[in-house]
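Novice: Here you go, sequence then predicted model.
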Amino acid sequence: MLRGALKSLSAVSLRAALALLGVMLLAGAANAAPVSVKDIRVWAGPDATRLVLDLSGPADHRLMTLQNPDRVVVDIPGALLARPDQRLPADEGFLRQLRVGPQSNGDLRVVIDLSAPARPRSFTVAPSGSYGHRLVVDLEPDRGATRAAGAAPAGPPTVVKSVRDVHGRDIVVAIDAGHGGVDPGSIGKRGAREKDVTLAIARRLKQRIDREPGMRAVLTREHDEFVELRERMVRARKRQADMFVSIHADAFHDRSVRGSSVYVLSARGASDESARWLADRENAADLIGGVKLDDKDSVLASVLLDLSQGASMSASLDAADKVMDELYSIGNITRRGVKQAGFIVLKSPDIPSILVETAFISNPTEESRLLDPRHQMRLAEAIHRGVRRYFYSNPPPGTLVAELRARGDRTVLATTTTGGAETSGASN
């Protein structure tokens, strides 16, 4: 009996030992795969600077500020820099220089050398859409800074845990590069084709929006192809776009005419489209809210469509105003005021839609600017800022931006008042 008991105890002990060994092996495997910083991106606006670290997984971090010289230090326990030889951003907004390196305790230290006193705010963002885990550090003006010469470091580090992680889908912006394929659009005196210019600007705008936490862009055409006008709307709807932005380059017989303009749908165009939808509602796609028209009587269908269309047109006008303001800020608007027209691509009754005539390709000076990659980027940045301002004022329900607003997260809400600023071995 004693021998049997010992044999039984031995078996139990063996199972326990094996279980414990399994846990240790799993823990060792987890420790063997530390979080890596895959990329570091910076965006600088007139009043704030945002630093985004793309991470391979969730991570805690510690944040502290130091003075003489001014700098912000971020420590990420157990992290590694995926590409130690990557070129780090510098001389952007509050960021003068960035230094990254491992510490003796296993932390990865990120040191932000500041060009001026700034107040840091940080938060982590959970995966959403095409983005993975992110750590965001916002640098805002430290207007209350009163610093005596020889001041000591500003207190102990502040521990920021990942409980501040936020969730929510990305805002989707459909970018429509006008013309394409057999349709070259307008052609400038130097031979610049509108279809090429619009695609170049659309790609730059997509790149800029994709860098924005909580936002991503889709293109209605990604290369030189012909796409029917209504097919462009269909592609935006299939991607569940929250906004449709069509990029064009204007032309006029008077080559001296210049400047950008922004269009929304006219009342006449809306009326025509409403009649079309009501006539063909048996074959119409669902509205974005999931509302069907094919099972509604004519009166109810008309009311529902009018409500959707009215809200869409109001949102379009608001967004167009903000985009126009940003184009004006870079000197690209000669006559202010959103214009209205019956362009087919603006006729989606459930997606706020704007059309941007970036410049007059028929004007030789503007044609040259449209061919300049730097000016293309300035245009893309201006359009992005306008779209961003709109969505931070009117975030769609269920989005990451909407959740941040609901939480009253000042780190991100401050971005709505910055006039376009993006305010979603190193040693100290």
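Specialist: Great, that's in hand. Numbers count the residues shown, from 1 in each chain.

Novice: Three-state assignment for residue 397, please.
Specialist: Assigned with DSSP: H, G, I helix; E, B strand; the rest coil, residue 397 falls in the coil class.

Novice: Next one: it from residue 371, what distance?
Specialist: Summarising the geometry, the distance separating residue 397 from residue 371, computed by C-beta to C-beta, to the nearest Å, is 41 Å. The C-beta positions use only the backbone N, C-alpha and C, and glycine is treated the same way.

Novice: try residue 178
Specialist: According to C-beta to C-beta, residue 178 and residue 371 sit 16 Å apart.

Novice: Of the two, which one has the most company?
Specialist: Taking residue 178 and residue 371 together and counting by other C-beta atoms under 10 Å, residue 178 has the greater number of neighbours (29 against 17).

Novice: Let me see the contact set for that one.
Specialist: Taking C-beta atoms under 8 Å, 6 or more residues apart in numbering, we find residue 178 in contact with 185, 194, 195, 198, 246, 247, 248, 249.

Novice: now it: how far from residue 113?
Specialist: In this structure, residue 178 and residue 113 are 43 Å apart, going by C-beta to C-beta.

Novice: For the one helix or strand residue 365 maps to, buried residues please.
Specialist: Element membership for residue 365 (DSSP states H and E) is helix 364-370. Within helix 364-370, the residues that count as buried by 16 or more other C-beta atoms under 10 Å are 364, 366, 367, 369, 370.

Novice: quick revisit: can you select the buried ones from the contacts of residue 178 in PyMOL?
Specialist: Command for PyMOL, covering only those of these found buried under the criterion 16+ other C-beta under 10 Å:
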select buried, resi 185+194+195+198+246+247+248+249
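
Novice: Tabulate the contacts of residue 178 (CSV), appending pLDDT.
Specialist: CSV is the format used below for the contacts of residue 178 (pLDDT from 0 to 100):
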residue, pLDDT
185, 89
194, 92
195, 92
198, 93
246, 92
247, 93
248, 90
249, 89
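
Novice: and which of the contacts of residue 178 is nearest to residue 106?
Specialist: Closest approach between those and residue 106, by C-beta to C-beta: residue 247, at 47.7 Å.

Novice: Look at that closest one and tell me its secondary structure.
Specialist: Each residue gets one of three states, and residue 247 gets strand by three-state DSSP.

Novice: Could I get the full set of helices for the stretch 251-400 of the chain?
Specialist: 267-279, 298-329, 364-370, 373-393, 400-407 (DSSP state H, counting those that start in this stretch).

Novice: so what does the third one touch, helix or strand wise?
Specialist: For helix 364-370, the elements it packs on are strand 353-360, judged by 3 or more C-beta pairs under 8 Å, 6 or more residues apart in numbering; DSSP states H and E.

Novice: Quick check: mean pLDDT of the strand it packs on?
Specialist: For strand 353-360, the mean pLDDT works out to 88.
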